[in-house]
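Peer 1: just to be clear, the model below is a prediction. Sequence and coordinates:
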Amino acid sequence: MKQLTQYSPPMAWAEIDLSAARHNFREIRKLANAQLEPRMVRNVDILSVVKADSYGHGMGQIAKVLEKEGGRFFAVSNVEEAVTLRLSGNKHPILLFETTFPELAKTIVRFDLISSVCTLDFVQALDRAARKARKTAAVHVKVDTGMSRLGILHTQAVEFVKRVAGFENIRIEGIFTHFPVADTDKVFTEKQIEAFSDVIAELIKSGIPFKYLHAANSMGIGAYKNRYFNLARPGVMLYGLYPSADLHAKVSLKPVMSVKTRVIFVKTIRRGSGISYGHTFKALSDIPTAVLGIGYSDGYRRAFSNTGHVLINGLPCPVLGRVTMDQTIVDISLALRGGGINIGDEAVILGSQKGSVISADDLAEWAGTINYEIVCNLGNRLPRVYHR
């Protein structure tokens, strides 16, 4: 393993399999085009979502890999992420998903970023900044068809887009919406698609063309036939995670991230002893245990206390008591059947070992959350080790 710390090897780290990211990009591209209805769009481009540091996987490294696979369009949340990506050498279009403050218009124009717009105040600021820089600022109009978050309401979208089209230094490149319940309510999602399509049809009739029409996030790509849209924007699927178990049958993905730590202490906890803060676990018999060098400051959540397990010697080791800031205590009774356990031995938090697997979905189930949150919250304190 590459040493990423200055004075000592890390106690815990994340390994990123870039070959898996390449595989996932190819599979998603095939899926997006397979979902096309033949009479409509001829081909679907991919907008690779690399926000939140590529869901914790490392935006710079992931973007470079996807670029080599043919990725030519990237999306981030905010200006800081976008400028970081641009300064890493990425010369491709970068879309800002979030609408932002008018005072950032100058930076957006300077770095040739593409803004999502849903307010005229921001469009005016962008137009002024572009005029001063003698540029044209590209924008995508965000339409709210039911997410009730960002976006101009679909009932107001036609008039809004017509007004945006009147700005001399603004180029409307795309229009998009977002699905809030694509995994749970197909009827509602189809109504969103219909409402959004009506907006597009009205605008095209008014002589306002768009290079990109998009709505499909990871779930939208896999679960819905595409009649209208020429841009798919996968996020979590790029990293080998499924937004719904239903999609396993449609696309074969490989997890990109695994997380590992080391055994830093081995001891036997005597019967009747309490374990960790609050003594939420008490030993009913003598238990051989290992202390691991990972805790909630690394993103290994307190919610795993007394519910999760790790892998040592390829065998499950249940978490005992509360996960603490820097350490976690596990029961190694079963793992000892697979061989001795010594200080420095490797334990798998997320990933595979000797044929056994702990997935992001497992961790999400133990924590009562979703796989997206698991990988995004694995802390920056964990060094990333990249394998090609």
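Peer 2: Looks like it came in fine.
Peer 1: bridge partners for residue 289, pull those for me.
Peer 2: Legend: beta-bridge partners of residue 289 under DSSP bridges are residue 267, residue 331.
Peer 1: what about it, distance to residue 277?
Peer 2: As judged by C-beta to C-beta, to the nearest Å, residue 289 and residue 277 stand 15 Å apart. Every C-beta, even on glycine, is put in place using the N, C-alpha and C of the backbone.
Peer 1: same check on residue 222?
Peer 2: When C-beta to C-beta is applied, the distance between residue 222 and residue 277 equals 42 Å.
Peer 1: who's more crowded, the two?
Peer 2: Between residue 222 and residue 277, residue 222 has the larger neighbour count (other C-beta atoms under 10 Å), namely 27 against 13.
Peer 1: what pLDDT does that one get?
Peer 2: Here the pLDDT value assigned to residue 222 is 88.
Peer 1: next, count neighbours for the residue lying closest to it once chain neighbours are set aside.
Peer 2: If you skip the residues right next to it in sequence, residue 222 has residue 247 as its closest partner in space, 4.3 Å away by C-beta to C-beta, 6 or more residues apart in numbering. By other C-beta under 10 Å, 18 other residues sit near residue 247.
Peer 1: next: residue 144.
Peer 2: 21.
Peer 1: relative to residue 242, how far out is it?
Peer 2: As judged by C-beta to C-beta, residue 144 and residue 242 stand 26 Å apart.
Peer 1: same thing with residue 264?
Peer 2: Here residue 264 is placed at a distance of 34 Å from residue 242 (C-beta to C-beta).
Peer 1: ok, those two, which is more surrounded?
Peer 2: In this view residue 264 and residue 242 are compared by other C-beta under 10 Å, and residue 242 has more residues nearby, 21 against 16.
Peer 1: and for the closest residue to that one other than its chain neighbours, the neighbour number?
Peer 2: Using C-beta to C-beta, 6+ apart and skipping the chain neighbours, the partner closest in space to residue 242 is residue 248 (6.1 Å). For residue 248, the neighbour count with other C-beta under 10 Å is 11.
Peer 1: what about residue 101, neighbour count?
Peer 2: The burial count assigned to residue 101 is 10, neighbours taken as other C-beta under 10 Å.
Peer 1: how about the helix or strand where residue 189 lies: buried residues?
Peer 2: Here residue 189 sits within helix 186-205, counting by DSSP states H and E. Under the neighbour-count criterion of 16 or more other C-beta atoms under 10 Å, helix 186-205 has 189, 192-193, 195-197, 199-200, 203 buried.
Peer 1: so which bits of the helix or strand containing residue 121 are buried?
Peer 2: When elements are defined using DSSP H and E, residue 121 is found to belong to helix 120-132. The neighbour-count criterion (16+ other C-beta under 10 Å) identifies 122-123, 125-131 as the buried residues of helix 120-132.
Peer 1: next, the distance between the ends of stretch 265-274.
Peer 2: Terminal residues of stretch 265-274 lie 17 Å apart, using C-alpha to C-alpha, to the nearest Å.
Peer 1: who's in contact with residue 137?
Peer 2: Remark: with contacts taken as C-beta atoms under 8 Å, 6 or more residues apart in numbering, residue 137 is in contact with 105, 108-109, 115, 126-127, 129-130, 169-171.
Peer 1: can you rerun that using 10 Å?
Peer 2: With contacts defined as C-beta atoms under 10 Å, 6 or more residues apart in numbering, residue 137 is in contact with 105, 108-109, 112-115, 117, 123, 125-131, 167, 169-171, 173.
Peer 1: can you give me the helices in the stretch 51-200 of the chain?
Peer 2: Along the stretch 51-200 of the chain, the segments classed as helices by DSSP state H, counting those that start in this stretch run 51-56, 59-68, 79-87, 105-110, 120-132, 154-164, 186-205.
Peer 1: now the ones you listed in CSV, with mean pLDDT?
Peer 2: Supplementary listing: those in CSV, determined by pLDDT from 0 to 100:
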stretch, mean pLDDT
helix 51-56, 96
helix 59-68, 97
helix 79-87, 97
helix 105-110, 98
helix 120-132, 98
helix 154-164, 98
helix 186-205, 95
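Peer 1: dump the ones you listed into a markdown table; add distance to residue 36 as well.
Peer 2: Below are those laid out as a markdown table (distance: least, C-beta to C-beta, whole Å):
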| stretch | distance to residue 36 |
| --- | --- |
| helix 51-56 | 26 |
| helix 59-68 | 21 |
| helix 79-87 | 29 |
| helix 105-110 | 32 |
| helix 120-132 | 32 |
| helix 154-164 | 24 |
| helix 186-205 | 14 |
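Peer 1: quick one: closest of these to residue 45.
Peer 2: Each of the helices of the stretch 51-200 of the chain was checked against residue 45 via C-beta to C-beta, and the shortest separation belongs to helix 59-68, namely 12.6 Å.
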